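Participant: Model the following, please.
(2 chains)
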Number of protein chains: 2
Amino acid sequence: MEVSNSYVVIKAHIDGSPKESDFELKSESISLLLDSGSNDVIVKNLFVSIDPYQLNRMKSQSSSQMYCTLAAAINPGQAIDAYGVGKVLVSGNPEFQKDDLVVGFITWGEYSVMKPGGMLRKLDPMGFPLSHHLGILGLSGLTAYAGFFEVCKPKKGEKVFVSAASGSVGNLVGQYAKLFGCYVVGSTGSKEKVQLLKENLGFDDAFNYKEQTDLKATLKKYFPDGIDIYFDNVGAEMQEAAIANMNVFGRVAVCGVISEYTDRGRKAAPDMIDIIYRRIKIQGFLASDFLNVYSDFISTTCDYLQASKMHILEDISTGVEIIPSSLIGLFRGHNVGKKMVQLADCLIDAHI
Amino acid sequence: MEVSNSYVVIKAHIDGSPKESDFELKSESISLLLDSGSNDVIVKNLFVSIDPYQLNRMKSQSSSQMYCTLAAAINPGQAIDAYGVGKVLVSGNPEFQKDDLVVGFITWGEYSVMKPGGMLRKLDPMGFPLSHHLGILGLSGLTAYAGFFEVCKPKKGEKVFVSAASGSVGNLVGQYAKLFGCYVVGSTGSKEKVQLLKENLGFDDAFNYKEQTDLKATLKKYFPDGIDIYFDNVGAEMQEAAIANMNVFGRVAVCGVISEYTDRGRKAAPDMIDIIYRRIKIQGFLASDFLNVYSDFISTTCDYLQASKMHILEDISTGVEIIPSSLIGLFRGHNVGKKMVQLADCLIDAHI
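Facilitator: Below is the predicted model of the structure:
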């Protein structure tokens, strides 16, 4: 039996802001009968994650492509791997059985043909919706947890600033920080998101950066006693302003710099004299370096979820054809929380 | 009995490059008879240290002045404290006796009247020239030692790049790194200094940055396998170039940014995408935060000196009136190694 698989590719490398015409939906036939001896696993994709870092993979050249296997270059025409959740349709691999739920690096398409050695594991949903395993219990969650606790090494009562605070990682950092006992302010891109951060996520305060003309002065107002921790998701002048307002021994965890991804010339130029005299540490990190805290992260986060102490912010679109505009939307601030695309009904008969 | 004390002051705050006319030599009479009950200690200054950071203290405003007591603002007309070595002439403080050698924060002048609570301690020269206690065994040495071992946390065989490598701190970082088992390349500002680094200090390689037009390409040439540690003394485009050439988990210790001190608009804008994907850490530091390693630093360094494993690079001028041009010279690359000014013969009868 054969099925038709639609999947997203780029038509050429993308070195500026992504636009619809940079992408193409390709279609191919996949046989659901494996050759004898094949170890392949054919997965029906249910949810795929849409993350800003994918754009760095689509550039003609980026340091991401050389230093992080998970962010290896994507070539035009090639299927694009992404974190996601799926269901096994056919398996030649003894580790997986038909109907197993799986999580890992599947593809931006309707089906994934996983070769042995692919990054896939069985998923126990633990009673949570599958979408949570892409966001709060997935890589976004680990990024927030490890970045905040392991890179920033917070102390109770410290003042924390989070940019892109209603984004997939930022909203979780703010929630972890509040639950830990920090004072938390977030920046975001609309009045509605400001309200969401303050009223639903428990941030102590929040502001719309688009309404500010002097970010240094803005942060001075929100942090009259200075910033101890800055969780950076945006880079450029927001990072400069945060560092200008930092206290001694302040820490900057650089998780992402979305405002720099679409413009190679856009850069943060923080004041190094501040960095020296205030003994500030700026550290880039990837969640994949912190698998040692994975079980802590899962148990802490599940506890919080079961006690309804964390708020889930998921932004789900539907259908493979929506993937390009979902990615594009990240760079225009369209998403609220974790952006993902649902590719099939979770309750479908997995045999199509 | 009274003596005349000449000392250096600034005439106004200095916000750009310092020049001779920014300074003035003042003179006052000091009584060598203390009032009854006085705890003052009057010190004949023998050597004072000339360091780039003093310029930050002379600015109308700098973050150094707010976050580091040792770098508090210097106001026009006011005596300027600086690390130095002296000899006690008169003491009302039971901790100090006449003829004691002392080290600590004395003044850029011929005499220092030290009030109780001043940062002064008795000096045991341990058989080394007094000048060594300003440089290799003083704050420059501690800065190099703590910055390299505690901030950079080197591993044997790692590739180390040091800028301003013939400066007071840089030359020591390079030597510690070589003795520890790293590969070390330094940048400096003349052909003669390049030769000095390679032939006398044992650097694996060195280059004259003034002869380079593309620092990224230059560092690529000197570090074909990438940089693991960058000890930054200069900031700006050299820092950008070093980060562009860093390996994963690279570390940047920001000790000083001399190229930015005289020009507020000059800034490093390192590529944050590199910093994220290569998990680079940039950390500002001050030696004063590492007094916990002071005794290790002294014992290790004395051992190296006694075994003639370290080379001493001191640049000594003579006379209080030379202090301004000595400071100015630092920003023009005139010094070779630790710049200091000798104010009196070490063997003088300290009673004038």
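
Participant: Please count neighbours and contacts with C-alpha atoms only from this point.
Facilitator: Will do.

Participant: quick one: contacts of the longest strand that chain A contains?
Facilitator: The strand spanning the most residues in chain A, taking DSSP state E as the definition, is strand A:81-91. By C-alpha atoms under 8 Å, 6 or more residues apart in numbering or on different chains, the residues outside strand A:81-91 that reach it are A:32-34, A:39-50, A:96-108, A:130-131, A:133-134, A:139, A:350-351.

Participant: Which among these count as buried?
Facilitator: Burial of the contacts of strand A:81-91 was assessed by neighbour count (16 or more other C-alpha atoms under 10 Å in any protein chain shown); the buried members are A:32, A:39-50, A:96-108, A:130-131, A:133-134, A:139, A:350.

Participant: Which of those fall within strands?
Facilitator: A:41-49, A:101-107.

Participant: Intersect those with the contacts of chain B.
Facilitator: Applying C-alpha under 8 Å from any C-alpha of the partner chain, the subset of those adjacent to chain B is empty.

Participant: Which two among the residues you listed are spaced furthest apart?
Facilitator: Spanning the widest gap among those are A:41 and A:49, at 20.0 Å by C-alpha to C-alpha.

Participant: residues contacting residue A:51?
Facilitator: By C-alpha under 8 Å, 6+ apart, the contact set of residue A:51 is A:327, A:330, A:339.

Participant: if I look at it, how far off is chain B?
Facilitator: Counting by C-alpha to the nearest C-alpha, to the nearest Å, the gap between residue A:51 and chain B amounts to 15 Å.

Participant: what's the spacing between that residue and residue B:85?
Facilitator: 59 Å (C-alpha to C-alpha, to the nearest Å).

Participant: coming back round to it: which one of the contacts of residue A:51 sits closest to chain B?
Facilitator: Proximity of the contacts of residue A:51 to chain B (C-alpha to the nearest C-alpha) peaks at residue A:330, which lies at 17.3 Å.

Participant: And the spatially closest residue to that closest one that is not a sequence neighbour, its phi and psi?
Facilitator: Residue nearest to residue A:330 in three dimensions, not counting chain neighbours: residue A:52, with 6.5 Å by C-alpha to C-alpha, 6 or more residues apart in numbering or on different chains. Listed backbone geometry of residue A:52 is phi -60, psi -30, with angles given as degrees, to the nearest 10.

Participant: what's the pLDDT at residue A:52?
Facilitator: The score at residue A:52 is 96. That number is its pLDDT.

Participant: got a list of what it touches?
Facilitator: With contacts taken as C-alpha under 8 Å, 6+ apart, residue A:52 has the following neighbours: A:258, A:327, A:330-331.

Participant: Kindly report the same for residue A:225.
Facilitator: By C-alpha under 8 Å, 6+ apart, the residues touching residue A:225 are residue A:247.

Participant: just residue A:337 next, same as before
Facilitator: With contacts defined as C-alpha under 8 Å, 6+ apart, residue A:337 is in contact with A:166-169, A:171, A:313-315.

Participant: Show me what counts as buried in stretch A:21-29.
Facilitator: Applying a neighbour-count criterion of 16+ other C-alpha under 10 Å, the buried positions in stretch A:21-29 are A:23-25.

Participant: Tabulate the residues you listed (a markdown table), appending distance to residue A:144 and pLDDT.
Facilitator: Formatted as a markdown table, the entries for the buried residues of stretch A:21-29 read as follows, by distance: C-alpha to C-alpha, whole Å; pLDDT from 0 to 100:
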| residue | distance to residue A:144 | pLDDT |
| --- | --- | --- |
| A:23 | 30 | 98 |
| A:24 | 32 | 98 |
| A:25 | 32 | 98 |
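
Participant: Among those residues, which ones are in strands?
Facilitator: A:23-25.

Participant: For the closest residue in space to residue A:268 that isn't next to it in sequence, grab phi and psi.
Facilitator: Residue nearest to residue A:268 in three dimensions, not counting chain neighbours: residue A:236, with 3.8 Å by C-alpha to C-alpha, 6+ apart. Backbone dihedrals for residue A:236, given as degrees, to the nearest 10, come out at phi 50, psi -140.

Participant: Domain-wise, how is chain A divided?
Facilitator: Using the TED database, the domains assigned to chain A come out as A:2-131+A:314-342, A:139-289+A:300-304.

Participant: Distance from the chain centre to the first one, please.
Facilitator: Its chain's C-alpha centre lies 14 Å from the corresponding centre of domain A:2-131+A:314-342 when counted by C-alpha atoms, centre = their mean, to the nearest Å.

Participant: the strands in the stretch 51-200 of chain A, which residues?
Facilitator: Per DSSP state E, counting those that start in this stretch, the stretch 51-200 of chain A carries strands over the ranges A:81-91, A:101-107, A:111-114, A:120-122, A:159-162, A:183-188.

Participant: Packing partners of the second one?
Facilitator: Think strand A:101-107. Contact partners of strand A:101-107 among helices and strands, from 3 or more C-alpha pairs under 8 Å, 6 or more residues apart in numbering or on different chains; DSSP states H and E: strand A:41-49, strand A:81-91, strand A:120-122.

Participant: quick one: which of the ones you listed is nearest residue B:214?
Facilitator: Taking C-alpha to C-alpha as the criterion, strand A:81-91 is the member of the helices and strands packed on strand A:101-107 that comes nearest to residue B:214, at 36.7 Å.

Participant: What pairs with the closest one, parallel or antiparallel?
Facilitator: Sheet pairing here is set by DSSP bridges, and for strand A:81-91 it gives strand A:41-49 (antiparallel), strand A:101-107 (antiparallel).

Participant: Can you convert those strands into CSV and add a column each for distance to residue A:285 and mean pLDDT?
Facilitator: As requested, the strands paired with strand A:81-91 are exported to CSV (distance: least, C-alpha to C-alpha, whole Å; pLDDT from 0 to 100):
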stretch, distance to residue A:285, mean pLDDT
strand A:41-49, 20, 98
strand A:101-107, 20, 97
